[in-house]
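**Student:** Kindly generate the corresponding structure for this input.
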Amino acid sequence: MGSLSHLLFLCYSKDRCHLSHEFVNINSLSSVRTGNLSPNRGFFQNTADFFNGKTVELRNACISLSGKELEKGDVAFKLNLFPFLPIIIRFWEADDEFPASLQILADRNTLDYMHYETLMFALTHLFSRLKEEMRIEKG
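**Tutor:** Below you'll find the model as predicted:
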């Protein structure tokens, strides 16, 4: 994302911030409020809907972004949101009973590095990159 993103970290990071290496759902981060991030009307539900029916393409896009494949989910990867800040995404396809679902896990201490709004911006950028890789692969 370039030097602007690094400035955001330099300006906001708490003193002696460090990763906990414990991943939590972004909905449980301390500054997240209930409302538009609920599971069925989630902030990233449109992204989950976009990925639906495209698990092969999503998997390949995650690999092209140097992701490490994980278990749990139809597609699950640990990706670097920034070189020092990993994120985990888990995607499940829709079925007869449930819509497509996208779970996003971040390090418990992520908000020591950046504002919540910056995290959401960075995730939006990551999903744009994945979609771009999926379109490139499709041809």
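**Student:** got the buried residues for the helix ranked longest in the chain?
**Tutor:** The residue-count maximum for a helix in the chain (DSSP state H) belongs to helix 116-138. Within helix 116-138, the residues scored as buried using 16 or more other Cβ atoms under 10 Å are 118-120, 122-123, 126-127, 130-131, 133-134. Placement of C-beta: from N, CA and C, glycine included.
**Student:** And stretch 64-80, by the same measure?
**Tutor:** Residues of stretch 64-80 classed as buried: 67, 73, 75-79 (neighbour count, 16+ other Cβ under 10 Å).
**Student:** Keep only those of the residues you listed that are in strands.
**Tutor:** 75-79 (DSSP state E).
**Student:** Which neighbouring elements make contact with the longest helix of the chain?
**Tutor:** On a contact count with 3 or more Cβ pairs under 8 Å, 6 or more residues apart in numbering; DSSP states H and E, helix 116-138 meets helix 3-12, helix 45-51, helix 55-64, strand 75-82.
**Student:** Low-confidence ranges, the protein, go.
**Tutor:** The chain contains residues with pLDDT under 70 at 1-17, 30-42, 138-139.
**Student:** Run the chain-centre distance for the longest helix of the chain.
**Tutor:** Distance, stretch centre to chain centre, for helix 116-138: 8 Å (Cα atoms, centre = their mean, to the nearest Å).
**Student:** any idea how far Y113 lies from S20?
**Tutor:** Distance from Y113 to S20, counting by Cβ to Cβ, to the nearest Å: 11 Å.
**Student:** Grab the nearest non-local neighbour of N60.
**Tutor:** Spatial nearest neighbour of N60, chain neighbours left out: E137 (5.6 Å); criterion: Cβ to Cβ, 6 or more residues apart in numbering.
**Student:** re the thing from before, can you list the helices and strands packed on helix 116-138 in TSV and add distance to S28?
**Tutor:** Shown next, in TSV, are these (distance: least, Cβ to Cβ, whole Å):
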stretch	distance to S28
helix 3-12	20
helix 45-51	18
helix 55-64	23
strand 75-82	17
